[in-house]
Structures are given as structure tokens and as C-alpha cells.
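>>> Got a predicted structure plus its sequence, pasted below:
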Amino acid sequence: MRVYACIDDIEKVARSRLDANAENYYSSGAVDETTLALNRSDYGRILLRPRVLRNVTSVTTSTTILGRQVASPIAIAPAAMQGLAHSDGELGTAKAAKNTASLMILSTYSNTSLEDVISATPDLPQASESPFWLQLYVHQDRCISEGLLKRAEKAGYQALVLTVDAPVLGRRLKDLRNKFSMPPHLKLANFDASQGVMTASERNSTGATSGAKADASLTWKDIDWLRSVTSMKIVLKGIMTHEDALLACQWKVDAIIVSNHGGRQLDTCPSTISILPEITAAVKSYSHAHPTLPVPEVYMDGGIRRGTDVVKALALGARAVFIGRPMLWGLVVGGHEGVEQVLQILNDELRNAMALVGVQSVDEIGEGCIIRKSLL
Ligand SMILES: Cc1cc2nc3c(=O)[nH]c(=O)nc-3n(C[C@H](O)[C@H](O)[C@H](O)COP(=O)(O)O)c2cc1C
Ligand SMILES: O=C(O)C(=O)c1ccccc1
């Protein structure tokens, strides 16, 4: 396939190839798209400090995520309905995850079943090597979600990622105007028709009021319910305040993802990079107060488009970052090869930025690498 210089070049081509329905669904943020824009522009307010003469002949990006060795701190965020991007859908993304030894979170609302995603990578040595986590939207009928979790555990998923920022769906104006709906040739492959799982369009029209099948009644107590039905590790996706970060510590979840859902949920909430320091500080203070207790790992997503963005996120305390739209753009331009190229470009840029900042390993990336203007 064609070789691209950067993620923005891939995005341009991908967006021109999609029909308006899919292009708008993928690119939109909520309402005025204020948060969507901040997720990008706030990286520009953090500057990098190049340290020199430090021997950077062997820069490595390898790290661990929830104890699993990975080649890079850059991982794949869950995104619904990847069949809109490419006929391979989630199978393409899964293949790219395998080929690049990256971690991938599969969305509840995938067009490929969670079992088929795992079988796309049959040559993994053992289930514990599986690079897959499952994102969960809890159904009003809890039995349906329990069934999904049992299937995921059996198939070899290592963690469940509970998305906590979407009790109702954000108002994406273009989708409302287009009356966005999933094309009839696609299915929500983790469910069968009798389970009454809504399509995105149904959720759009009902999500803010009543009748949606996603369970808006979820509270912190439901973490105990999740623990009672699965032994997978638990990750909360969508934490944006220090209060909720502390609650996540108290509820002993394994990890949190600082995320505002790519600016698609509550518009005018802050960018993730601007709120990350507040979250990592809260988790650190909990850890100091409870030195014998394990604390959640902190990851983030939102607006990562450059290797330098990754350095900034790691400098502010994230252990890993997830990419949403860039993965979708890669899938559009080249199926699994396109996603691989996206990961390749970001990892090349990350290694380049690390060498120029003067560090050889991700552990060396810290506050000393950046100059932070006040972001709020
Ligand atoms: C088209 C699209 C679909 C998404 N679907 C889901 C989903 O099913 N579950 C979920 O937790 N997050 C979903 N997200 C949010 C992403 O996981 C992630 O938080 C966000 O895309 C990160 O921002 P970025 O796109 O700027 O990288 C979706 C995002 C997009 C753009
Ligand atoms: O579009 C999204 O961001 C998303 O998370 C979602 C929610 C419901 C159905 C499909 C996707």
C-alpha cells in the first residue's frame, strides 16, 4: 500500500473515501465540538525540553500494561462498527494488533463477534498472550451482559473495559441531521436480534430520554456485580475528575482510562491531556496514603496524532495511550495494513521524539521532559 508521512495525511485520504454517513459518524464530536478541538490543541500548549549528549543509540518503547509485556505504550481504543470503515472491519484491526504486538480493545458494538476476533489470531502461543480486552456497555437486561462477559472470558479476553462516560449518548449534531444508522448489511455481531440491542440510531434518538437498552442506572456498586460475574481484570474508561479517580482507587479497579470519549459525549468538558495531571496526582496521593494497597494504572486517550503527544501524555503520568480515530482512518485506507501503518508511524515518531528529548526508555519520560503552560 501507499506509504504515508503522518497520521493527518492518512486522515485526509480516509475522510475523502467515506460516504457522509460514516465520515460524519467517525469524525464528529458532541454539540459544538469544543472538547473535540481542545483534545488536539492542548498538546500545543505543552512544550518539550530536549536534553543533549545522552547516548540514544538504543531507544526502546517497550513497557508493560496490566503486567503484560507490550512493544509500545500506544494501543487501540474501542470503536463501534468498524465495518463502516472496511469490509474486514474489526478483523483487520485485530490482525494489525497481532502483527505489531499491540493491545486492542474490542467494542461491545462490533460488527465482528468477539470469538471471531480472537480466531483472527490463531497462532498466539496461549490465551494469556491474547492482546485483546473487551469494552463493555451494560445492557438493561443484565443477563445479556453476563452472557457477553462469560463468552469473553472463555475466548481469552484479559480485561473488561467498562465505559463510564456514556450512560446516555452525546448529541452529535451531524448524526442527528443525517439520522445516522448502521447500514443494513452490517450487524452488531456480539448479539442476536432477539436480544433487542439497539442500533446507534435508536440510541441516538432515545439515549437522552428513556427506552434505550444501555443501562443508565449504573453506579459504583455495580463494580461488585461485575466482580461477581467475571474474573477478568476491570478497567474504567472515561474518568475525568480527581474525585472519580479516587473512587476508582477505593473500588480497587485495575486501571482507569482518562478519556472524554474523543469529545463525543459531554461537550465543553476539558481536554484529556489538560486533566491528566490532576488524575495522576490523585492516584499518587492515594498510593502514598495507602502504601500497601495496589493502585490502578492510569492510561489516557483523546487527540493522540503525533509521537510527541505520546511523550507528553507519558510525562504527565500516563502508562499507555489509546488511539481511536487514527486506527479507523488506517482501516479505511488499507485494512489491516493501514492500521499497521498508523501504528508504525506513531511508533517511529515516538522513538524519534524520545531520542531528541534524550531518553532511551519510557520509564525515563517524566515531568523533566516538558514545559507546561497552565492548561486550564
Ligand atoms: C467512531 C467512534 C466510535 C467509538 N465507539 C466507542 C465504543 O463503542 N465504546 C467506547 O468505549 N468508546 C468508543 N469510542 C471512543 C474511543 O474509544 C476513544 O475514547 C476516542 O476515540 C479517543 O479519541 P481519538 O479518536 O481522538 O483518538 C468511539 C470513538 C469513535 C471516534
Ligand atoms: O459512537 C460512540 O462513540 C459509541 O460509543 C457508541 C455508542 C452506542 C452505539 C454505538 C457506538
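That came through, no problem. Ligands and ions are numbered 1, 2, ... in the order given.

>>> Can you name the residue of the protein nearest to ligand 1?
Here the residue of the chain nearest ligand 1 is residue 324; by Cβ to the nearest ligand atom that distance is 2.1 Å. In this view, the C-beta of every residue, glycine as well, is placed from N, C-alpha and C.

>>> State the distance from that residue to residue 45.
Counting by Cβ to Cβ, to the nearest Å, the gap between residue 324 and residue 45 amounts to 21 Å.

>>> and what of residue 291?
Taking Cβ to Cβ, one finds residue 291 at 34 Å from residue 45.

>>> ok, longest strand in the protein?
Assignment by DSSP state E gives strand 233-239 as the longest strand of the chain.

>>> Give me the contact list for that strand.
Defining contact as Cβ atoms under 8 Å, 6 or more residues apart in numbering, one finds that strand 233-239 is touched by 66, 78, 133, 135, 158-166, 223, 226-227, 245, 248, 253-261, 265, 279, 296.

>>> For the stretch 51-200 of the chain, what lies in contact range of ligand 1?
Applying Cβ under 6 Å from any ligand atom, we find that the stretch 51-200 of the chain lies next to ligand 1 at 77-80, 107, 109, 135, 163.

>>> Could you identify the most distant pair in the residues you listed?
By the measure Cβ to Cβ, 77 and 109 form the most distant pair in these, at 13.4 Å.

>>> Spatially, what comes nearest to whichever residue of the chain sits closest to ligand 2 if we skip its sequence neighbours?
Relative to ligand 2, the nearest point of the chain is residue 80 (3.4 Å; Cβ to the nearest ligand atom). If the residues on either side of it in the chain are set aside, residue 80 comes closest to residue 109, at 3.8 Å by Cβ to Cβ, 6 or more residues apart in numbering.

>>> Who are the contact partners of the residue nearest the centre of the chain?
Ranked by distance to the mean C-alpha position of the chain (Cα atoms, centre = their mean), the top residue is residue 77 at 2.6 Å. Residues in contact with residue 77 (Cβ under 8 Å, 6+ apart) are 105, 259, 262, 301, 322-324, 327.

>>> could those residues go into CSV alongside secondary structure?
Written out in CSV, the entries for the contacts of residue 77 read as follows (DSSP: H, G, I helix; E, B strand; the rest coil):
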residue, secondary structure
105, strand
259, coil
262, helix
301, strand
322, strand
323, strand
324, coil
327, helix
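
>>> Tell me the one among the residues you listed nearest to residue 358.
Taking Cβ to Cβ as the measure, residue 358 sits nearest to residue 323 out of the contacts of residue 77, at 25.1 Å.

>>> Look at that closest one and say how many residues are nearby.
Neighbouring residues of residue 323 were enumerated by other Cβ atoms under 10 Å; the total is 28.

>>> what is it paired to in the beta sheet?
For residue 323, the beta-bridge assignment (DSSP bridges) gives partners residue 76.

>>> Quick check, it in contact with residue 79.
No: the criterion here is Cβ atoms under 8 Å, and residue 323 misses it with residue 79 at 9.6 Å.

>>> And the strands in the stretch 251-376 of the chain, which stretches?
According to DSSP state E, counting those that start in this stretch, the stretch 251-376 of the chain carries its strands in the segments 255-258, 297-301, 320-323, 370-372.

>>> got the buried residues for stretch 234-250?
By neighbour count, with 16 or more other Cβ atoms under 10 Å as the criterion, the buried positions of stretch 234-250 are 234-240, 242, 244-249.

>>> Please name the nearest non-neighbouring residue to the residue of the chain closest to ligand 1.
Setting aside the residues directly before and after it, residue 324 is nearest to residue 77 in space (Cβ to Cβ, 6+ apart), at 4.1 Å.

>>> And for residue 137?
residue 108 (4.5 Å).

>>> Wasn't residue 161 part of a helix?
No: assessed with three-state DSSP, residue 161 is strand; it does not lie in a helix.

>>> can you list contacts of stretch 31-38?
Counting by Cβ under 8 Å, 6+ apart, stretch 31-38 makes contact with 28-30, 170-173, 260, 262-264, 266-271, 274, all of which sit outside it.

>>> Please go through these and note which also touch ligand 2.
Within the set of the contacts of stretch 31-38, contact with ligand 2 (Cβ under 6 Å from any ligand atom) is found for residue 264.

>>> Give the PyMOL command for selecting the buried subset of the contacts of stretch 31-38.
Once 16+ other Cβ under 10 Å is used to decide burial, the buried members of these can be selected in PyMOL as follows:
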select buried, resi 28+29+30+170+171+172+260+262+263+264+266+267+269+270+271+274
